[in-house]
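Peer 1: My questions are about this predicted structure, shown below with the sequence.
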Amino acid sequence: MADIVLRKLIVEICSARNLMPKDGQGTASAYAIVDFDGQRRRTKTKFRDLNPQWDEKLEFFVHDTATMGEEILEINLCNDKKTGKRSTFLGKVKIAGSSFAAAGSETLVYYPLEKRSVFSQIKGEIGLKAYYVDENPPATEQKPEAAAATVEKAPENPKAEEGKKETEEAKTEEKKEGDKKEEEKPKKEAKPDEKKPDAAAPAPPDTKAKTPDAAAAPPPPPAEIKNPPLLQKAETVKQNELGIKPENVNRQDLIGSDLQLPSLTRDQNRGGGYDLVDRMPFLYIRVAKAKRAKNDGSNPIYAKLVIGTNGVKTRSQTGKDWDQVFAFEKESLNSSSLEVSVWSEEKIEKEDKTTTTTESCLGTVSFDLQEVPKRVPPDSPLAPQWYTLESEKSPGNDVMLAVWLGTQADEAFQEAWQSDSGGLIPETRSKVYLSPKLWYLRLTVIQTQDLQLGLGSEPKSKIPTTELYVKAQLGPQVFKTARTSIGPSTSSSGSGNPTWNEDLVFVASEPFEPFLIVTVEDITNGQSIGQTKIHMGSVERRNDDRTEPKSRWFNLAGDENKPYSGRIHVKVCLEGGYHVLDEAAHVTSDVRPSAKQLAKPPIGLLEVGIRGATNLLPVKTRDGTRGTTDAYVVAKYGPKWIRTRTILDRFNPRWNEQYTWDVYDPCTVLTIGVFDNGRYKRDESGKQGRDVRVGKIRVRLSTLDMNRIYLNSYTITVILPSGAKKMGEVEIAVRFSCPSWLSIIQAYVTPMLPRMHYVRPLGPAQQDILRHTAMRIVTARLARSEPPLGQEVVQYMLDTDNHVWSMRRSKANWFRVITFLSRAATIARWVHGIRTWVHPPTTVLVHLLLVAIVLCPHLVLPTVFMYAFLILALRFRYRGRVKVNSVDPRLSCVDSVAPDELDEEFDGFPTTRPPEVVRIRYDRLRALAGRAQTLLGDVAAQGERVEALFNWRDPRATCIFVVFCLFASFLFYIVPFKVFVLGSGFYYIRHPRFRDDMPSVPVNFFRRLPSMSDQIL
């Protein structure tokens, strides 16, 4: 049996300073409650002291040394009210078990006190030491239960006795333990039905009677060796389920730990859709309505809920039901009782005709939170019940409400007032958004007829030519055709039939704009000849190129004096066979065509659990004194956007929200961004603030194993004009599920984009313009939602500025090219080493390989593919299976960029910098462009030399090459090809003793060929 180490955790509460006064007299009487691993200790109370000094040591027993680093030590500081019912919360501190030091290396550390909720008013810090001590365990394996029940008992004699002696000692210890359990039993408040049936009997007499039998039987002792610490831990958590320490409940009772995460996917009773996140316990109170003994319906009434220092009120209304749900996060509970009171508002008019409002309490009802039932979906909602309000002044009043303990998976959570997100603020609640459905609108301008060109005061016959173009407008989008010229007309009115046959492509979003406006304009005099409006409801739709849209004639209308100024011949249709790109091409998340008839069924399901963030840096200041962060997360995949609720004023927020997307292509990218909410508050003028970017990550689905959970923390880095800044870490769980391998293989062998992108492709410049147009449409549409998804958020998620010049991105792309070419350089160095006989045995083996290739050429391809198979199969073991690749700061060159280069990247277009700065940047860009220009010239020169060899630009060089080709043809007629390959290979890798250091003859001949460089000015 492995050695067991008994470990004690010593927490020394030293002192606190600068506490918040809570007793109404400018002081506080503080005491500390310390919770660890299901155990609770309390210090003494220091009366009327804002800087108390305790110097008390509290001992805790570590049940499992292996998982001590995952436990949380929580210290809650409270103000002792001798006359009041509840203690006042002064602050709390949470310390991870991984930061505990060994005995002898501990130091005094002052931790700032944290809030329990947004309503808490806390300040000050507490100084303490936390360290652990390891003790030697008893050597007798039969008695760990006695050691667990009586922890302070001294170790027994470790020598092994005979079997009979050991049995007697075991019985004696069991009797002692039974007596101790009988003494401790009245002190516990846990109910018998909360205990495990195999751990202990429900009554003390049964425990006494069954203890000797359990000790005598061989199987029970091993089971009791493991259970007592776990039982004590579970029972303590259940007893303190709604106490001040919520972390143990969160980890042990309502949710599973990270190690238990895979097992939750197979547990059908846990609530289905929340298996990638932690279960966050919430106390739900549904206040339905109130009934008054005196039917006085003229005065409005409201309900008030109080849990410790947390309080909230319902709407104040007359003759209507409230039907409001309130969700209090477990960490916000600092009391074990809930008080619900109903108040009546009465307006009294004084003699001076001023109105005052007086409030009177109709009664109060209290609940013990330890008796609150649990509810886990898919259980039906808890039915509200009538409760009598206790009141001496106005008895007989009732209130209907329901109280239960649930998680964020409860269906009432979304509509509830939430304590961690500021209540019912619309800008802080979780939402799901959908991008508008986008189409390409193709307008083909064919020709015009009967144009009335005589519009100016000058006769048209004096104008030699007239330049015309057609302008089309759909919403804010305006595109123009090329210019065309027509000759002068013979009459004053003039006529002409110019032809264009040109396509104009727009991005249209549902619901469509009402009209497409087509205008013919005269460039000569800058006036419009006429225009027509095409109703979007009459535009036909097509799904492929097999059917051509019908051409239509439309009359052009001029001003009031000219109702008819010609007609125009056009084709117009909505292209359903294209996918409208609305994000950067390298991070696209959807490739489906616009037409529903061409859509394919999904091949899988993407599940994302947004768990939380840690160590976020402050983004803004609150009250002008301290930094704060109100963080939320936005995730985008395909047309679906999700936004989590905003956790106010926390640097370690926990969202624990889970979302799903249908996957139609595995080679797509999920984008997740973290932002600071600045829109839920308004300035003095009533204007909303802007959300601040904190960072983002991307997850490519093709890098994920199917049906596997990836639970990792990703570092989020944001690039600011002052430089790159690490903003913290975000914890994400991702799972890509696909039921069929066949659909995945089919997706990999089919084109990525719909068919129309290949049979009738759009030009690169046109596609880039349409992409940015689609981005602007999506940004504007989501900004009009309620609550709006800010323009800065959408642009950051879609990478709308990736086309803007950036020295940092240019360096990153250059290094990517160098990294790719380094593989070829490695192969070239290896070949050079073979040629120069750096390692003679390797060169000899290459000689033998060359002979084998020449003699057995049919084995070349099988050997190459077999080597590729073996190499890739070997690398399978070393693939990255732990963490999904995300945004790489090193690859992005965020650490090696100069401040001026970053300032240039954040500069708008056109620039707003001073002329001196622009001149320096322009000179730097000219230097880079000069080097690129030289490189392009060298590449062009090599191609021109080959072309000059065949064009007789250098007659002597071409003549030499012609004679060489003649002799080479005769040679190859005589010499077998295998002999030539073998001889050329041996000549190429000949020994350096037979090699000259000067360039070879073909290289000298090629470098002497002429290029076009000498003809450039």
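Peer 2: Sure thing, it's come through.

Peer 1: low-scoring pLDDT stretches of the stretch 351-500 of the chain, where are they?
Peer 2: 351-353, 454-464, 487-496 (pLDDT under 70).

Peer 1: quick one, helices of it?
Peer 2: Read by DSSP state H, counting those that start in this stretch, the stretch 351-500 of the chain holds no helices at all.

Peer 1: likewise the stretch 851-1000 of the chain?
Peer 2: Under DSSP H, counting those that start in this stretch, the stretch 851-1000 of the chain gives helices at 860-875, 899-906, 915-950, 955-974, 977-988.

Peer 1: quick one: buried residues of the longest one?
Peer 2: The one in question is helix 915-950. 921, 944-945, 948-949 (16 or more other C-beta atoms under 10 Å). (C-beta placed from N, C-alpha, C; glycine too.)

Peer 1: Among these, which one sits closest to residue 53?
Peer 2: Using C-beta to C-beta, residue 921 comes nearest to residue 53 of these, at 60.6 Å.

Peer 1: Which pair in the buried residues of helix 915-950 has the greatest spatial separation?
Peer 2: With C-beta to C-beta as the measure, no two of these lie farther apart than 921 and 949, at 43.1 Å.

Peer 1: what number of residues lie near residue 438?
Peer 2: Residues near residue 438, counting by other C-beta atoms under 10 Å, number 22.

Peer 1: ok, now residue 579?
Peer 2: Neighbours around residue 579, by other C-beta under 10 Å: 19.

Peer 1: That one: which element?
Peer 2: Here residue 579 is covered by no helix or strand, with elements defined by DSSP states H and E.

Peer 1: check contacts around it.
Peer 2: By C-beta atoms under 8 Å, 6 or more residues apart in numbering, the contact set of residue 579 is 590-594, 753-754, 757.

Peer 1: What is the nearest of those to residue 644?
Peer 2: residue 590 (21.4 Å).

Peer 1: any idea how far the residue lying closest to that closest one once chain neighbours are set aside lies from residue 274?
Peer 2: The shortest distance from residue 590 to any non-neighbouring residue, by C-beta to C-beta, 6 or more residues apart in numbering, is to residue 638 (4.0 Å). Distance, residue 638 to residue 274, by C-beta to C-beta, to the nearest Å: 22 Å.

Peer 1: Can you tell me the SS state at the residue nearest in space to the middle of the chain?
Peer 2: Centroid check for the chain by C-alpha atoms, centre = their mean gives residue 672 as the closest residue, at 2.9 Å. With DSSP: H, G, I helix; E, B strand; the rest coil as the basis, residue 672 sits in strand.

Peer 1: Do you know the pLDDT at the closest residue to it other than its chain neighbours?
Peer 2: Of all residues not flanking residue 672 in the chain, residue 635 sits nearest, at 4.7 Å (C-beta to C-beta, 6+ apart). Note for residue 635: predicted pLDDT of 95.

Peer 1: tell me the contacts of residue 635?
Peer 2: 608, 610, 641-642, 659, 670-673.

Peer 1: and which of those residues is nearest to residue 366?
Peer 2: Comparing the contacts of residue 635 against residue 366 with C-beta to C-beta places residue 610 closest, at 36.6 Å.

Peer 1: List the strands paired with the host helix or strand of the closest one, with their directions.
Peer 2: Assigned by DSSP H and E, residue 610 belongs to strand 604-614. Partners of strand 604-614 in the sheet, by DSSP bridges, are strand 654-663 (antiparallel), strand 723-737 (antiparallel).

Peer 1: need those in TSV with distance to residue 341, mean neighbour count and mean pLDDT, can you?
Peer 2: TSV is the format used below for the strands paired with strand 604-614 (distance: least, C-beta to C-beta, whole Å; neighbours: other C-beta atoms under 10 Å; pLDDT from 0 to 100):
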stretch	distance to residue 341	mean neighbour count	mean pLDDT
strand 654-663	31	21	93
strand 723-737	40	20	90
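
Peer 1: and of the ones you listed, who's closest to residue 65?
Peer 2: strand 723-737 (25.2 Å).

Peer 1: distance between that closest one and the chain's centre?
Peer 2: With C-alpha atoms, centre = their mean, to the nearest Å as the basis, strand 723-737 stands 6 Å off its chain's centre.

Peer 1: Now the element after it, going C-ward?
Peer 2: helix 741-749.

Peer 1: quick one, domains of the chain?
Peer 2: Annotated domains of the chain cover 6-135, 281-419, 437-453+466-575, 596-755+789-794, 807-893+934-1015 [the TED database].

Peer 1: what is the mean pLDDT for stretch 549-562?
Peer 2: Average pLDDT, stretch 549-562: 88.

Peer 1: what about it, how long is it end to end?
Peer 2: 31 Å (C-alpha to C-alpha, to the nearest Å).

Peer 1: Also stretch 996-1005?
Peer 2: Stretch 996-1005 has its terminal residues 17 Å apart, counting by C-alpha to C-alpha.

Peer 1: And that stretch, what's buried?
Peer 2: Quick answer for stretch 996-1005: no buried residues (16+ other C-beta under 10 Å).

Peer 1: Packing partners of the helix or strand where residue 826 lies?
Peer 2: According to DSSP H and E, residue 826 maps onto helix 807-835. When contacts are defined as 3 or more C-beta pairs under 8 Å, 6 or more residues apart in numbering; DSSP states H and E, helix 807-835 sits against helix 840-855, helix 899-906.

Peer 1: Now do that helix against helix 899-906, angle only.
Peer 2: In terms of direction (axes from the mean of the first three to the mean of the last three C-alpha atoms, to 10 degrees), helix 807-835 departs from helix 899-906 by 120 degrees.

Peer 1: Helix 807-835: which residues count as buried?
Peer 2: 807-808, 812, 834-835.

Peer 1: could these go into JSON lines alongside pLDDT and distance to residue 104?
Peer 2: What follows is the buried residues of helix 807-835, written out as JSON lines (pLDDT from 0 to 100; distance: C-beta to C-beta, whole Å):
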{"residue": "807", "pLDDT": "81", "distance to residue 104": "53"}
{"residue": "808", "pLDDT": "84", "distance to residue 104": "48"}
{"residue": "812", "pLDDT": "85", "distance to residue 104": "48"}
{"residue": "834", "pLDDT": "87", "distance to residue 104": "61"}
{"residue": "835", "pLDDT": "84", "distance to residue 104": "63"}
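
Peer 1: Which pLDDT value goes with residue 864?
Peer 2: 88.

Peer 1: Now do it against residue 594, distance only.
Peer 2: Note on residue 864: its distance to residue 594, by C-beta to C-beta, is 44 Å.

Peer 1: Just want to know which of those two has more residues nearby.
Peer 2: residue 594 (23 against 10).

Peer 1: how near is the more buried one to residue 587?
Peer 2: Using C-beta to C-beta, residue 594 is found at 20 Å from residue 587.

Peer 1: Repeat that for residue 348.
Peer 2: 64 Å.

Peer 1: Between these two, which is the more surrounded one?
Peer 2: When residue 348 and residue 587 are compared for neighbours, residue 587 comes out ahead with 17 against 9, by other C-beta under 10 Å.

Peer 1: Please name the bridge partners of the closest residue in space to the more buried one that isn't next to it in sequence.
Peer 2: Leaving aside its chain neighbours, residue 587 sits nearest to residue 669 (4.5 Å; criterion: C-beta to C-beta, 6+ apart). Residue 669 forms beta bridges with residue 700, as assigned by DSSP bridges.

Peer 1: On the pLDDT front, check residue 669 for me.
Peer 2: 93.

Peer 1: That one: how many residues sit nearby?
Peer 2: 18.

Peer 1: tell me the SS of residue 593?
Peer 2: coil.

Peer 1: In contact with it, which residues are there?
Peer 2: Per C-beta under 8 Å, 6+ apart, neighbours of residue 593: 543, 576-579, 599, 754, 756.

Peer 1: go with 10 Å
Peer 2: For residue 593, the contact set (C-beta atoms under 10 Å, 6 or more residues apart in numbering) comprises 439, 543-544, 575-580, 599-600, 753-757.

Peer 1: which of those residues count as buried?
Peer 2: In the contacts of residue 593, the ones that pass as buried (16+ other C-beta under 10 Å) are 439, 543-544, 575-580, 753-754, 756-757.
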